[in-house]
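# Show me the folded form of this:
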Amino acid sequence: MSKLSLNEIHTEFHTFIDDKYSVILGTINNDGTPEASYAPVLRINHRFYVYVSELSKHTGNLLATLQASLLFIEDETTSKQIFARQRATLKTKVKPIERNSDLWEVILDSFEEKFGPMIPMLRPLEDFHLFEFASEEAGYVRGFAQAYRLVGQELSEVTHKNDRGHGRAKQTE
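Numbers count the residues shown, from 1 in each chain. The predicted model follows:
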């Protein structure tokens, strides 16, 4: 990958996550144990949405903590280097969207547009919950020594994480 300006990194980051149809969810259960899972994802106005069943552990975790980490990652079959796959990790605050509210209806209509005929089958199932994820901090890795931090509204402030690099490990005394 070529060297890009921070403005170009911002654009590339958003394009990368907009191209994804699913997200890996990092949640915490009641015992404080981290759990990873995935869900189809929709992005509208810099917010992410998932529609998930109570049969999935992550649904209870999201309801209990209202926090999650989102991971978008390059497919390993298309990656040129397995040790440096392109990826974006977002720290998020989670908000359940009330069933049959105006926002719920709009988002479920958008899910149907993106994911097709499965949504009308899932829409009436009352064990499904719609969640909104808002992020004000993200990490973005586009390759070796190409790690960035994005913060602020719409994750628009980009800095290169080059304070230490891949040099020798810190020596302990």
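# Every contact and neighbour count from this point should use C-alpha atoms.
Fine.
# now the helices: where do they sit in the chain?
6-18, 57-65, 102-115, 118-122 (DSSP state H).
# mind listing what the residue nearest the centre of the chain touches?
The residue lying closest to the centre of the chain (C-alpha atoms, centre = their mean) is Leu70, at 3.0 Å. Leu70 makes contact with 23-26, 88-92, according to C-alpha atoms under 8 Å, 6 or more residues apart in numbering.
# Quick one: mean pLDDT over the longest strand seen in the chain.
Counting by DSSP state E, the longest strand found in the chain is strand 128-141. Strand 128-141 carries an average pLDDT of 96.
# Relative to that strand, what are the paired strands and their orientations?
Its sheet considered, strand 128-141 pairs with strand 47-53 (antiparallel), strand 87-97 (antiparallel), strand 147-151 (antiparallel) by DSSP bridges.
# now those strands in CSV, with distance to Asn30, mean pLDDT and mean neighbour count?
Putting the strands paired with strand 128-141 into CSV (distance: least, C-alpha to C-alpha, whole Å; pLDDT from 0 to 100; neighbours: other C-alpha atoms under 10 Å) gives the following:
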stretch, distance to Asn30, mean pLDDT, mean neighbour count
strand 47-53, 18, 97, 20
strand 87-97, 16, 97, 19
strand 147-151, 29, 96, 20
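# Reformat these as CSV; add distance to Glu157.
Converted to CSV, these look like this (distance: least, C-alpha to C-alpha, whole Å):
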stretch, distance to Glu157
strand 47-53, 17
strand 87-97, 14
strand 147-151, 5
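# tally of neighbours for Ile9?
21 (other C-alpha atoms under 10 Å).
# what's the closest non-adjacent residue to it?
Val158 (7.6 Å; C-alpha to C-alpha, 6 or more residues apart in numbering).
# residues contacting that neighbour?
6-7, 9-10, 148-151.
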